[in-house]
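Colleague: the sequence and its predicted three-dimensional model are supplied below.
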Amino acid sequence: MRYTQSTLKKLEEFFGELDYAVRYEKGNFQSGYCIVEQRRIAVINKFFDTEGRINCLLDILGNLTFDPAQLSEEARAFYQKIQKNIPAAQTPADEHPTETHG
């Protein structure tokens with residue numbers, strides 16, 4: 001997979017199909033991102049370059065549960081293409097926060 005602006009845009013569109021909003025903001029993210037589950041928002045450190053943003057989105061994608069059959073044909077094809085780059089799901093003991101308060 002190539003770490004280009006085009007790939008980043010496709011990942012953002014893919015998250016849109018999953019009803020997740022992707023936002024880039026500054027904050028104290030230990031892992032570079034956080035997920036607000038109830039509002040379906042993925043917040044990524046805005047200071048990351050394109051490769052860092054893509055890696056965060058792939059990491060988040062590895063932790064989401066969804067049915068690929070409910071995606072558009074184009075999104076399913078993209079998912080199959082990037083699937084080998086998605087890390088395995090994290091365990092709750094990992095440092096990635098799944099919810100923010102405040």
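Modeller: Nice, thanks for sending it over. Residues are numbered from 1 along each chain as shown.
Colleague: drop to CA atoms for contacts and neighbour counts, all remaining ones
Modeller: Fine.
Colleague: okay, and the helix or strand of the protein with the least pLDDT?
Modeller: The weakest-scoring helix or strand in the chain, judged by mean pLDDT, DSSP states H and E, is strand 33-36 (a mean of 81).
Colleague: packing partners of that strand?
Modeller: Applying 3 or more Cα pairs under 8 Å, 6 or more residues apart in numbering; DSSP states H and E, one finds that strand 33-36 contacts strand 41-45.
Colleague: strand partners of the strand it packs on, parallel vs antiparallel please.
Modeller: strand 21-25 (parallel), strand 33-36 (antiparallel) (DSSP bridges).
Colleague: dump those to TSV, plus mean neighbour count.
Modeller: TSV is the format used below for these (neighbours: other Cα atoms under 10 Å):
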stretch	mean neighbour count
strand 21-25	15
strand 33-36	21
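Colleague: residue 71 is nearest to which of those strands?
Modeller: strand 21-25 (16.0 Å; Cα to Cα).
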